[in-house]
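> how would this look folded up:
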Amino acid sequence: MSYAHGQAFIIVAQNATFNKSITTMSLSDTSSLLADRLHHYVRLVRADKPIGAALLLWPMLWTLWIVSGGKPGWAVLTVFVCGTFLMRSAGCAINDFADRHIDGAVERSQNRPIVTGAVSPMEAVMVAVGLSVVSFLLVLTMNRLTIALSFVGVGLAFLYPFTKRVTYWPQLFLGLAFGWAVPMVSAAELGEIAPVAWLFYFLAIVWALAYDTIYAMVDRKDDIKLGVKSTAILFAEHDVTIVMVLQIIVLAGVGAIGFTNGLSWLFLFGLIAAAAVLARQWQLISTREPAKCFRAFMLNNHLGGAIFLGMFLDFFTRQMMS
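Below you'll find the model as predicted:
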């Protein structure tokens, strides 16, 4: 039996068992079974692993605080924070659907719900669509430009998972998708996409290219065997150098934007903290050991958070003193 046929058999049997259980079990048993299904959906959308949502969140927050002068609209902030988590979850579901035939051969992903048959491919698609619809309903509370931009965002989110089969630059497409909240939040806050938002969008793309290359370094050996493409494979022995250059570009770019917009010493402390995280990343990825590369990838949350904290405190202090 082929791998694909085996997966199909597992999914059909699992769904048949689930349907039969619903009709024959007691109320308490049915509730337990539904809770078990919910657990699988949580794993499907990585709600138990919020690092991905955080990496979408930070560039959006950097942009919102700059374009609003540190005084963002609460409605915009709420919609975009919720939308970030919803669209990241939708992206995870469609990613697992796209990778359903290769995840089982990759050590890091071999226990994902679709691979094990806990969730069917069609369920994953329905979850992705459902989350996207909820996110769109939130966007409908914003202005027309933001609503129009949201269609591009959904298209990028659903396109990215399939790019790793045709190009060595899926990390670039991830950046295009992950960073799209940046021009959107400017449109929502100002009614237009400010030039600084396009600069932040460029930096968000560069940052995603850096951190997702680190992530791809974890799976490089498996990806080469499977024929899956990534920048980690493309960059080869230059991977560490390129990643660090990209990260420095992000740090310098955000710093230049911040200081140009009047931020000062508290923001500088945030940049220094981010630089310290960057130094630690270099130490970890220089060995190219998968476990250390994964730890380096996780540190990007601290890097983005340090920049935002410095930015937030600087704006807050200025407002308190004015």
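> By mean pLDDT, flag the weakest helix or strand of this protein.
helix 3-24 (a mean of 46; mean pLDDT, DSSP states H and E).
> elements contacting the host helix or strand of Phe312?
Phe312 belongs to helix 300-321 when assigned by DSSP states H and E. Under the contact definition 3 or more CB pairs under 8 Å, 6 or more residues apart in numbering; DSSP states H and E, helix 300-321 sits against helix 51-67, helix 195-218, helix 239-260, helix 265-285. In short, each C-beta sits where N, CA and C put it, glycine included.
> how far is that helix from where the chain is centred?
Offset of helix 300-321 from its chain centre (CA atoms, centre = their mean, to the nearest Å): 21 Å.
> Contacts for it, please.
51, 54-55, 57-59, 61-62, 65-66, 69-71, 207, 211, 214, 247, 251, 254, 258, 262-271, 273-274, 277-278, 281 (CB atoms under 8 Å, 6 or more residues apart in numbering).
> Which among those residues count as buried?
Buried members of the contacts of helix 300-321, counted by 16 or more other CB atoms under 10 Å: 54-55, 57-59, 61-62, 65-66, 70, 207, 211, 214, 247, 251, 254, 258, 263, 266-267, 270-271, 273-274, 277-278, 281.
> In this structure Ala75 contacts Val139, no?
No: judged on CB atoms under 8 Å, Ala75 makes no contact with Val139 at a distance of 11.6 Å.
> between these two, who's got more neighbours?
Taking other CB atoms under 10 Å, Ala75 and Val139 do not tie; Val139 has more neighbours (22 against 13).
> quick one on the thing from earlier: please point out which parts of the helix holding Phe312 sit buried.
For helix 300-321, by 16+ other CB under 10 Å, it's 300-315.
> what does stretch 87-107 give?
87-100, 102-104, 106.
> what's in contact with it?
Here stretch 87-107 has contacts from 3-4, 7, 44-47, 52-53, 56, 109-110, 112-115, 121, 124-125, 127-129, 131-132, 135, 153-154, 157-158, 160-162, 177, 181, 219, 222-223, 225-226, 228, using CB under 8 Å, 6+ apart.
> Where helices are concerned, which of those residues count?
Among these, DSSP state H puts 3-4, 7, 44, 52-53, 56, 113-115, 121, 124-125, 127-129, 131-132, 135, 153-154, 157-158, 177, 181, 222-223, 225-226 in helices.
> I figured Gln59 was touching Phe202, is that so?
Not Gln; residue 59 is Pro. No: shown here, Pro59 and Phe202 do not form a contact pair, counting by CB under 8 Å, at 10.3 Å.
> Between these two, which contacts overlap?
Joint contacts of Pro59 and Phe202 (CB under 8 Å, 6+ apart) do not exist.
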